[in-house]
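Novice: requesting a structural model of the entry that follows:
(one chain, ligands or ions: 1)
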Amino acid sequence: MYTPAPRDPKAIPVRINLLSDTQTRPTPGMREAMARAEVGDEQIGDDPSVNVLCERVAALLGKEAAVFLPSGTMCNVTATLVHCRPGDEILAHGSAHIIAREGGAHAALGGFQITALPGADGKFTPDTFRSALHPRTRYQPPQTVISVEQTANIGGGTIWNKADLDAIVQIAKSNGLATHMDGARLLNACVATGISASDMASGWDSAWIDFSKGLGAPVGAVIAGSRDFIDEVWRWKQRLGGSMRQAGICAAACTYALDHHVDRLADDHSNARALARGLSQIAGIDVQQPETNLVFFKPDGAGISGDDLVARLRPHGVLLAMMDGRIRACTHLDVTAEMIEETVGLVREIARGA
Ligand SMILES: *Cc1c(COP(=O)(O)O)cnc(C)c1O
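Specialist: Coordinates of the predicted model:
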């Protein structure tokens, strides 16, 4: 079955939701901002709340223009559709969202192939990128785009350092490739490092941020780039059915998030560190040290599989996910320090009995 089963109404309610930062619910303040939003017809550029948001994000990322899209996936898909032609090759880390989690969109809609680059923690080195480049002959697919995830999701919410980002941009430019930054959690990287979003995205032809992750908005993502690039994204947005009407209701939530939910990402990072610290004190639990709000761990050394531990925590109202063979815990604005403490205690108890 391709579709998740509907929620079982008799299931034990979730109290501690570490499944994903997409699980956040709009806060009362955000809902108020949405209710007050001035709206218009977004499709003809006439929604003032959407326009304000796009200007904010273009400035934040240091780009000429930006466009509001329903999802981060549509940001990635429209970006490669603009950058590439059928048969082109995109390079990305093997764990990238564009490879594993977009339903094959880049092949299905664009006819592009994506080459998976190796590297620890969701990142490849500038040298790995350089050695994956091949001469421009008629035998080989044109290499058109290099894509990075800041932060790298399956890599562990890890942060690309600025020097590597700059080196990758430089290699891409001197070899005629466009540069694309999947910034689903870019602001997590900015808050963790103190580097501004425009510095992080500088030199990247396209970059986007997701509002439905740790920023806590119900829907939406904004992609930014040159005026010409954004013009072409608009055409694909129209073609894919992503043009909206009174989308200002949603855009107002995103602008509210920029005003109120960015600095507080530091709390999520500190909760993630506390979770990792607590789990690593339990014998047999192997924890990847978090850099942002994602904590990956394996309990197998404690005599329990990841699947079993996730299943044993669920009756306590704790929701976690298995992701590529490890458990992923995600902190966000609906997760408190007390919930982290309780989760660590439950894992300790279950591991003791295992
Ligand atoms: C969530 C995510 C996306 C897709 O964003 P949606 O808004 O869920 O479509 C893309 N890339 C990364 C790294 C993500 O974590």
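
Novice: what does the stretch 1-150 of the chain put close to the ligand?
Specialist: 71-73, 76, 97, 149 (CB under 6 Å from any ligand atom). All C-beta spots, glycine's among them, are computed from the backbone N, C-alpha and C.

Novice: turn these into a markdown table, including pLDDT.
Specialist: Converted to a markdown table, those look like this (pLDDT from 0 to 100):
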| residue | pLDDT |
| --- | --- |
| Ser71 | 98 |
| Gly72 | 98 |
| Thr73 | 98 |
| Asn76 | 98 |
| His97 | 98 |
| Glu149 | 98 |
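
Novice: restricted to helices, list those residues.
Specialist: 72-73, 76, 97 (DSSP state H).

Novice: most neighbours among those residues, which one?
Specialist: Highest neighbour count within those, by other CB atoms under 10 Å: Asn76, with 29 neighbours.

Novice: quick one: contacts for that one?
Specialist: 97-98, 102, 105-106, 147, 180, 182, 208 (CB atoms under 8 Å, 6 or more residues apart in numbering).

Novice: pull out the buried residues from the residues you listed.
Specialist: For the contacts of Asn76, a burial check counting by 16 or more other CB atoms under 10 Å picks out 97-98, 102, 105-106, 147, 180, 182, 208.

Novice: relative to the ligand, which of the residues you listed is nearest.
Specialist: Nearest to the ligand among those is His97, at 3.4 Å by CB to the nearest ligand atom.

Novice: mind telling me what element Ile249 is part of?
Specialist: helix 248-260 (DSSP states H and E).

Novice: please name every helix or strand in contact with that helix.
Specialist: On a contact count with 3 or more CB pairs under 8 Å, 6 or more residues apart in numbering; DSSP states H and E, helix 248-260 meets helix 28-36, helix 48-61, strand 65-69.

Novice: report the buried residues of that helix.
Specialist: For helix 248-260, a neighbour-count test (16+ other CB under 10 Å) marks 248-258, 260 as buried.

Novice: ok, now stretch 301-316?
Specialist: Using 16+ other CB under 10 Å as the test for burial, stretch 301-316 gives 302, 304, 306, 309-310, 312-313, 316.

Novice: out of those residues, list just those in helices.
Specialist: Reading helices off these with DSSP H, I get 306, 309-310, 312-313.

Novice: show me where the stretch 251-354 of the chain has helices.
Specialist: For the stretch 251-354 of the chain, the helices defined by DSSP state H, counting those that start in this stretch cover 265-280, 306-313, 337-353.

Novice: closest one to the ligand among these?
Specialist: Counting by CB to the nearest ligand atom, the ligand lies closest to helix 265-280 out of the helices of the stretch 251-354 of the chain; the figure is 14.3 Å.

Novice: against Pro218, how distant is Pro9?
Specialist: Using CB to CB, to the nearest Å, one gets 22 Å for the distance from Pro9 to Pro218.

Novice: repeat for Gln140
Specialist: With the distance defined as CB to CB, Gln140 ends up 44 Å from Pro218.

Novice: those two - which one has more neighbours?
Specialist: When neighbours are counted by other CB under 10 Å, Gln140 and Pro218 differ, and Pro218 comes out ahead with 17 against 10.

Novice: quick one on the thing from earlier: could the helices and strands packed on helix 248-260 go into JSON lines alongside mean pLDDT and mean neighbour count?
Specialist: JSON lines is the format used below for those (pLDDT from 0 to 100; neighbours: other CB atoms under 10 Å):
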{"stretch": "helix 28-36", "mean pLDDT": "98", "mean neighbour count": "15"}
{"stretch": "helix 48-61", "mean pLDDT": "98", "mean neighbour count": "21"}
{"stretch": "strand 65-69", "mean pLDDT": "98", "mean neighbour count": "26"}
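
Novice: out of these, the one nearest Glu338 is which?
Specialist: Across the helices and strands packed on helix 248-260, the minimum distance to Glu338, taken as CB to CB, is reached by helix 28-36, at 20.5 Å.

Novice: so how far is the closest one from its chain's centroid?
Specialist: 24 Å (CA atoms, centre = their mean, to the nearest Å).

Novice: count the neighbours of the residue in the stretch 251-354 of the chain that the ligand sits nearest to for me.
Specialist: Of all residues in the stretch 251-354 of the chain, Leu294 sits closest to the ligand, at 9.2 Å by CB to the nearest ligand atom. Using other CB under 10 Å, Leu294 has 29 neighbouring residues.

Novice: could you report the neighbour count for the closest residue to it other than its chain neighbours?
Specialist: Leaving aside its sequence neighbours, Leu294 sits nearest to Gly157 (CB to CB, 6 or more residues apart in numbering; 3.1 Å). The number of residues packed near Gly157 is 30, by other CB under 10 Å.

Novice: likewise for Pro9?
Specialist: Quick note: Pro9 (other CB under 10 Å) scores 5 neighbours.

Novice: thinking again about what came up before, most tightly packed of the helices of the stretch 251-354 of the chain?
Specialist: helix 265-280 (a mean of 20; mean count of other CB atoms under 10 Å).

Novice: average pLDDT across that one?
Specialist: Averaging pLDDT along helix 265-280 gives 98.

Novice: mind exporting that helix as PDB, just the C-alpha atoms?
Specialist: Extracted C-alpha coordinates of helix 265-280, given in PDB (Å, rounded to 0.1, in the frame of the first residue of the first chain):
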ATOM      1  CA  LEU A 265      15.800  26.900  17.300                       C
ATOM      2  CA  ALA A 266      18.700  27.100  19.800                       C
ATOM      3  CA  ASP A 267      16.400  25.600  22.400                       C
ATOM      4  CA  ASP A 268      15.800  22.600  20.000                       C
ATOM      5  CA  HIS A 269      19.500  22.200  19.600                       C
ATOM      6  CA  SER A 270      20.000  22.200  23.400                       C
ATOM      7  CA  ASN A 271      17.200  19.700  23.900                       C
ATOM      8  CA  ALA A 272      18.800  17.500  21.200                       C
ATOM      9  CA  ARG A 273      22.200  17.700  23.000                       C
ATOM     10  CA  ALA A 274      20.500  16.800  26.300                       C
ATOM     11  CA  LEU A 275      18.800  13.800  24.700                       C
ATOM     12  CA  ALA A 276      22.100  12.600  23.100                       C
ATOM     13  CA  ARG A 277      23.900  13.000  26.500                       C
ATOM     14  CA  GLY A 278      21.200  11.100  28.400                       C
ATOM     15  CA  LEU A 279      21.000   8.300  25.800                       C
ATOM     16  CA  SER A 280      24.800   7.900  25.600                       C
END
